[in-house]
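In: Let me see the structure of the following:
(chains A, B, C, D, E and F)
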4 protein chains.
Amino acid sequence: MTGTRPPGGAPARPGLLAHPTTPRSLRVHDAALRAAAELLAEGGLPATTMDAVVARSGVSKATLYKHWPSRTALAAEAFGLRMADAAAPPDTGSARGDLTEHLRQVSALYAGDHGLVFSQLLAACVIDPGAGSYFREFFLQGRRDAVAELWRRALERGEADPDIDGETAIDLLFGPLVFRLMAGHLPLTRQEADRIAAAALGGLLRRPPPS
Amino acid sequence: MTGTRPPGGAPARPGLLAHPTTPRSLRVHDAALRAAAELLAEGGLPATTMDAVVARSGVSKATLYKHWPSRTALAAEAFGLRMADAAAPPDTGSARGDLTEHLRQVSALYAGDHGLVFSQLLAACVIDPGAGSYFREFFLQGRRDAVAELWRRALERGEADPDIDGETAIDLLFGPLVFRLMAGHLPLTRQEADRIAAAALGGLLRRPPPS
Amino acid sequence: MTGTRPPGGAPARPGLLAHPTTPRSLRVHDAALRAAAELLAEGGLPATTMDAVVARSGVSKATLYKHWPSRTALAAEAFGLRMADAAAPPDTGSARGDLTEHLRQVSALYAGDHGLVFSQLLAACVIDPGAGSYFREFFLQGRRDAVAELWRRALERGEADPDIDGETAIDLLFGPLVFRLMAGHLPLTRQEADRIAAAALGGLLRRPPPS
Amino acid sequence: MTGTRPPGGAPARPGLLAHPTTPRSLRVHDAALRAAAELLAEGGLPATTMDAVVARSGVSKATLYKHWPSRTALAAEAFGLRMADAAAPPDTGSARGDLTEHLRQVSALYAGDHGLVFSQLLAACVIDPGAGSYFREFFLQGRRDAVAELWRRALERGEADPDIDGETAIDLLFGPLVFRLMAGHLPLTRQEADRIAAAALGGLLRRPPPS
DNA sequence: CAGTAACCGAGACGGTACGTCAAGTCTTTCT
DNA sequence: AGAAAGACTTGACGTACCGTCTCGGTTACTG
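Out: I've put the predicted structure just below:
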């Protein structure tokens, strides 16, 4: 109940504690997240040091470490909350259109400043595995849920191959983007996004009747 | 001049310079790589500190920084050389078989100790972009070349869709694995590898004639 | 009101106030002192943190700070109460014997675990002068009173030099022990205690008639 | 040879190392000591934090910790060097005069700012025993040597009681001052110094012939 | 052969941030 | 109204590793 709560269970918003304990102050929590988000936007992960968050948020270091196990976890949560409403999946009328368009959006997002931060964060979570759960809960999950919704629509429309697992489909579409973002071996242009979408969707969607 | 040479041009093996000036360079270079590879194997990237390489190889820090721009670059090269002959692509007789089997191999490799080091290295290269070129030259390139060869065979056999770029195909197959390795949102089991292979190859290979 | 009362006036045992307002105070006060004393015995001053006292006594931090101005003050009082009946001054029949024996006792006490705590406490009172009065009132005073009694007996017996102030005599005898305890430049063995006693008493007691 | 050298052996001024190693830079060592001494003079031990020394000396924290095991050790050495020539023992012509006068000097010194720092330092060395050796080597030893010289002169003059150990004599004279300085139970005035001197010397010096 | 220039081992150093600790203050809730 | 619970600020601590630098010694071409 107290102390760092590695996410995975309920986020457990404080204020609902059974016993007469001061709830883990929302003020502090939010101030830290806001400061971290600003720093991420301004200078990426390298600029988002704990000391900088302390300085900007007015929250003390000791308190930060009571709320998050590491600076990476804090940054991941802050980034996730900020990104929650970026790249909302489109509705073009067809599954192929939706997925292609969304993949373009995400590719463009990855190619920009947010993509840099995303890659730094993902990298940091590899190095500090304790932060991974924050990254997954506060950032990844939302994104995947959105695409899962697209996939569900595609299934309903009968466009998607029902033999293919939704998770697999998501990874097939976005894995290549992440791979390129991290390894930098190929660019993330719109054209490349289209190629990836075309190739992936060839395997994910039902063949059109060979009329 | 064996100075820091961000790869991309000739690998420029030291010792083969115009004037045979630097015979010691070779010894030093190899000793450092060997030490780094050992440390990577023993404790992953975190254990592969420059000080540890210094201690184990007998090569001085200053010298290390004459050969590589950062510890990540050194580690990437060391890892690449060690991994050069891991997971040799198979020859099963069919493109589908080859690619599926290779994807299984790589998935298994990622799921093990080497995968951990790979992910740490990739992460480090995001954080230290100067090392990325080493990672790509000494590790990634070899892997991709091997798969490219598989792809070429598939084209020759008429199994692969000739409209799809080889690079795209590679990323479509392995991007999902890398994504899962880095983000940890889903496991890298054999079953999952098969699912990914099936879905990806559905889009990459030619439809069998609907006889 | 059992608030912070830097001693120097009446010891003001809580619970004896004009209005019997604070019955719980007594329980709290004693519980804290007991916990502090135990912690001192187990791990010395470093182990006697406020948090540890809180945890062991069940008394809250805020309450502790209503009773004592600092953790050092609390520890000093706890130690003083525990030590009240240690090293009772002897009665050997002669002033020389009494004082020599007592000095031996105190030396032995300083050389042991209690001496370590004593030194830590004295040190802490230097760093936190606000606690000094507690140390003097609850620990030092009792000890000095006991020796003063010895000195009075010595005067009555005609053995002590009446020109010498009692306080001076006490410091002359025990100052060397404290000095060694704190600075650690020389040991606190029985032999050393005897040397100090002999030298000090040479100046403090009357010369025996040079018959 | 390298790393923190707890004093006790030779100070081992660097620059004389067998192997071609950069000597532990004197510049750094001196800069740190100078900064620490200044800080001690300005704000006592509490102001002499490692961070402050870092800021003032330009020496990095890591380096400081290679030269000294703790901030207390550094402060002790700095204080000792600064105090080396304070309160030089006098030469009045008689042992009684010398010792009485010196005790007055030291008492006055203890009663002033230097005394405060001295007491803080001694206290800190109790709490951080690893620093004690620095305190003894760089501060205490010099003082005791000076008094030992006085004692030797007193012996030569036939004024001192040859049965009394020099160390015991020193502790008998100065222990009371240290005791009062640390515990604060009695003041350190000139009059008190004279009383202590008189009582102590009564035991230390030979009785004048009872003419 | 002697000279000289680059190379190398050793490791001290500055810098930056980390995560930790305990003291003491403050707020909220219960009894 | 006092007390428990415990969150919070503050300030410093000691550590880790990076990458730079200087020093003295060695090696191996050059004249």
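In: quick one, domains of chain A?
Out: Domain ranges of chain A: A:26-71, A:83-204, per automatic domain parsing.
In: Need the winner for burial among those.
Out: Mean neighbours per residue, mean count of other Cβ atoms under 10 Å in any protein chain shown, is largest over the domains of chain A for domain A:83-204, with a mean of 20. Backbone N, C-alpha and C define where each C-beta goes, glycine included.
In: wait, does it contact DNA strand F?
Out: No: using Cβ under 7 Å from any atom of the strand, domain A:83-204 stays clear of DNA strand F, with a minimum separation of 11.5 Å.
In: For the residue nearest to residue A:162 when sequence neighbours are not counted, pull up the helix or strand it's in.
Out: Once flanking residues are discounted, residue A:162 sits nearest to residue A:155: 6.1 Å by Cβ to Cβ, 6 or more residues apart in numbering or on different chains. Using DSSP states H and E, the element containing residue A:155 is helix A:141-156.
In: which outside residues touch the strand or helix carrying residue A:53?
Out: Assigned by DSSP H and E, residue A:53 belongs to helix A:50-57. With Cβ atoms under 8 Å, 6 or more residues apart in numbering or on different chains as the contact definition, helix A:50-57 has outside contacts at A:31-32, A:34-36, A:38-39, A:59-61, A:64, A:71, A:74.
In: cool, stretch A:112-130 as well?
Out: Residues contacting stretch A:112-130 (Cβ under 8 Å, 6+ apart): A:6, A:40-41, A:44-46, A:69-70, A:72-73, A:75-76, A:79, A:83, A:86, A:109-110, A:131-132, A:134-135, A:139, A:178, A:181-182, A:188, B:45-46, B:119-120, B:122-124, B:126-127, B:182-184.
In: Now, the residues you listed that are in helices?
Out: A:40-41, A:44-46, A:72-73, A:75-76, A:79, A:83, A:109-110, A:132, A:134-135, A:178, A:181-182, B:45-46, B:119-120, B:122-124, B:126-127, B:182-183 (DSSP state H).
In: pretty sure residue A:166 contacts residue A:150?
Out: No: look at residue A:166 against residue A:150 with Cβ atoms under 8 Å: they stay out of range, at 9.5 Å.
In: Could you point out which residue ranges in chain A have low pLDDT?
Out: Residues of chain A meeting the criterion pLDDT under 70: A:1-24, A:208-211.
In: re the thing from before, next one: the helix holding residue A:155 to chain centre, how far?
Out: 14 Å (Cα atoms, centre = their mean, to the nearest Å).
In: before we move on, what about stretch A:189-200?
Out: So, by Cα atoms, centre = their mean, the centroid of stretch A:189-200 is 21 Å from its chain's centroid.
In: what comes into contact with it?
Out: A:99-100, A:103-104, A:107-108, A:111, A:172-173, A:176-177, A:180, A:186, B:164-165, B:168-169, B:171-172, B:200, B:203-204.
In: Now, these that are in helices?
Out: Reading helices off those with DSSP H, I get A:99-100, A:103-104, A:107-108, A:111, A:172-173, A:176-177, A:180, B:168-169, B:171-172, B:200, B:203-204.
In: Tell me who's in contact with residue A:45.
Out: A:72, A:75, A:117, A:120-121, A:124, B:127.
In: what's stretch A:31-43 in contact with?
Out: Here stretch A:31-43 has contacts from A:47-48, A:52-53, A:56-59, A:64, A:67-68, A:74-75, A:77-79, A:81-82, A:113, A:117, using Cβ under 8 Å, 6+ apart.
In: how about a cut-off of 6 Å?
Out: Contacts to stretch A:31-43, defined as Cβ atoms under 6 Å, 6 or more residues apart in numbering or on different chains, come from residues A:47-48, A:52-53, A:56-57, A:59, A:64, A:74-75, A:78-79, A:82, A:117.
In: Span of stretch A:60-79 from start to end?
Out: 20 Å (Cα to Cα, to the nearest Å).
In: Check whether stretch A:100-117 comes near DNA strand E.
Out: No: with Cβ under 7 Å from any atom of the strand as the criterion, DNA strand E is not reached by stretch A:100-117; the gap is at least 14.9 Å.
In: Need the CA coordinates for that stretch. PDB is fine.
Out: Extracted as PDB, the C-alpha positions of stretch A:100-117 are listed here (Å, rounded to 0.1, in the frame of the first residue of the first chain):
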ATOM      1  CA  THR A 100      -2.200   1.900 -43.000                       C
ATOM      2  CA  GLU A 101      -3.100   5.400 -41.900                       C
ATOM      3  CA  HIS A 102      -2.400   4.700 -38.300                       C
ATOM      4  CA  LEU A 103       0.900   3.100 -39.100                       C
ATOM      5  CA  ARG A 104       1.800   6.200 -41.100                       C
ATOM      6  CA  GLN A 105       0.900   8.400 -38.100                       C
ATOM      7  CA  VAL A 106       3.000   6.400 -35.700                       C
ATOM      8  CA  SER A 107       5.900   6.300 -38.100                       C
ATOM      9  CA  ALA A 108       5.700  10.000 -38.400                       C
ATOM     10  CA  LEU A 109       5.600  10.300 -34.600                       C
ATOM     11  CA  TYR A 110       8.600   8.000 -34.200                       C
ATOM     12  CA  ALA A 111      10.500  10.000 -36.800                       C
ATOM     13  CA  GLY A 112      10.000  13.200 -34.700                       C
ATOM     14  CA  ASP A 113      11.000  14.400 -31.300                       C
ATOM     15  CA  HIS A 114       8.600  12.200 -29.500                       C
ATOM     16  CA  GLY A 115      10.100   9.200 -31.300                       C
ATOM     17  CA  LEU A 116      13.500  10.100 -29.900                       C
ATOM     18  CA  VAL A 117      12.200  10.300 -26.400                       C
END
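In: where does the closest residue to chain D within chain A sit relative to residue A:60, distance-wise?
Out: With Cβ to the nearest Cβ, the shortest gap between chain A and chain D falls at residue A:51, namely 12.9 Å. Distance of residue A:51 to residue A:60, computed by Cβ to Cβ, to the nearest Å: 11 Å.
In: Same question for residue A:137.
Out: 25 Å.
In: One more: residue A:168?
Out: In terms of Cβ to Cβ, residue A:168 sits 45 Å off from residue A:60.
In: Also residue A:125?
Out: 25 Å.
In: Equivalent analysis for residue A:190, please.
Out: According to Cβ to Cβ, residue A:190 stands 46 Å off from residue A:60.
In: and the helix holding residue A:53, is it in reach of DNA strand E?
Out: Yes: residues of helix A:50-57 are located near DNA strand E by Cβ under 7 Å from any atom of the strand, namely A:50-51.
In: can you tell if that helix touches DNA strand F?
Out: No: for helix A:50-57, no contact with DNA strand F is found by Cβ under 7 Å from any atom of the strand; the gap never falls below 7.7 Å.
In: Can I get the next helix or strand after that helix in PDB? Just the C-alpha atoms.
Out: Using DSSP H and E, the helix or strand that follows helix A:50-57 in sequence is helix A:61-67. C-alpha atoms of helix A:61-67 as PDB (Å, rounded to 0.1, in the frame of the first residue of the first chain):
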ATOM      1  CA  LYS A  61      14.400  13.500  -4.000                       C
ATOM      2  CA  ALA A  62      13.600  11.200  -1.200                       C
ATOM      3  CA  THR A  63       9.900  11.700  -1.900                       C
ATOM      4  CA  LEU A  64      10.500  11.000  -5.600                       C
ATOM      5  CA  TYR A  65      12.100   7.700  -4.700                       C
ATOM      6  CA  LYS A  66       9.100   6.800  -2.600                       C
ATOM      7  CA  HIS A  67       6.800   7.200  -5.600                       C
END
